[in-house]
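Visitor: sequence and predicted model, in that order:
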Amino acid sequence: MGTPHNEAEKGEIAKRVLMPGDPLRAKYIAEHFLKDAVCFNTVRNMLGYTGTYKGEKISVMGGGMGVPSVGIYTYELYHEYEVEEIIRIGSAGALQDDVDLRDVVIAVGACTDSNYAAQYNLPGTFAPIADYELLESAVNTVREKGLTVRAGNVLTSDVFYNDDPTVNDRWRKMGVLAVEMEAAALYMNAARAGKKALCMLTISDHLYKDEKLSARERQLGFDNMIQIALDM
Ligand SMILES: O=P(O)(O)O[C@H]1O[C@H](CO)[C@@H](O)[C@H]1O
Ligand SMILES: O=c1cc[nH]c(=O)[nH]1
């Protein structure tokens, strides 16, 4: 089979997929956390691997940056490859003073400035939310590990370099914890497909404190989130 963006054959992708934005992060996870990982996709270098973790089949694949990219890859995984669960593991910028670098944030809901929901022609505004079972499982795993996590609203933005420097202030006033660029599309695709999705984020920079992780610190911080996603 194969799609315009994924050369995997049916059955080569597990029912559960971890999805970082960066395909090289997918490679890193496959090489450092999975057993017997086999690469199933190299189209556009959007690397995807299937292996096992503690005896369970699991896949990890990059989703790219932004709503259109993650929209394509997750649509194909849900509809063409019979994937049941996608857990996005990404980075995000903190919007609140009490959200710190390295914190793990679970996106219970994903506000968005994207027009992705327009395709459904709804007579109102759709609220993209995480799957409750995955959310509960993530929180339980975090507690078992003695770690802490923030759970709440995030913003999925189409814009990384915004012309209006005050735009984030308005989301901040609404208690939105962090900004990233894909969760809302993932949640909408999951809802429409009747499948499950969760987005976990590690804070890589703070938009109100001028702080950011170094490359090495980012690597270590991400390992915590990857371990939570694999163990849950
Ligand atoms: O680290 P990832 O998963 O790519 O996530 C964040 O990083 C990218 C922007 O630098 C966007 O994709 C944003 O959502
Ligand atoms: O999308 C993102 C990711 C990290 N930091 C940001 O400010 N935005």
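Guide: Right, received. Where do you want to start? Ligands and ions are numbered 1, 2, ... in the order given.

Visitor: looks to me like residue 100 is in a strand.
Guide: No: secondary structure of residue 100 (DSSP: H, G, I helix; E, B strand; the rest coil): coil, not part of a strand.

Visitor: quick check: it touching residue 204?
Guide: No: counting by CB atoms under 8 Å, residue 100 does not reach residue 204; the two are 11.4 Å apart. Where you see a C-beta, it was placed from the backbone N, CA and C, and this is true even at glycine.

Visitor: looking at these two, which is more packed in?
Guide: residue 204 (21 against 13; other CB atoms under 10 Å).

Visitor: state the distance from the closest residue to the more buried one other than its chain neighbours to residue 173.
Guide: Using CB to CB, 6 or more residues apart in numbering and skipping residues adjacent in sequence, the residue nearest residue 204 is residue 91, 4.0 Å away. Counting by CB to CB, to the nearest Å, the gap from residue 91 to residue 173 is 23 Å.

Visitor: which of those two has more residues huddled nearby?
Guide: Per other CB under 10 Å, whichever of residue 91 and residue 173 has more neighbours is residue 91, with 21 against 9.

Visitor: show me what stretch 17-24 is in contact with.
Guide: By CB atoms under 8 Å, 6 or more residues apart in numbering, the surrounding residues in contact with stretch 17-24 are 26, 29, 45-48, 58-65, 70, 73-74, 77, 83, 85-91, 181-182, 186, 226, 229-230.

Visitor: among those, name the ones in strands.
Guide: Within the contacts of stretch 17-24, residues falling in strands by DSSP state E are 48, 58, 59, 60, 61, 85, 86, 87, 88, 89, 90, 91.

Visitor: so the third one sits right up against residue 16, yeah?
Guide: Yes: between residue 59 and residue 16 a contact is recorded at 7.1 Å, counting by CB under 8 Å.

Visitor: find residues that contact each of those two.
Guide: residue 83.
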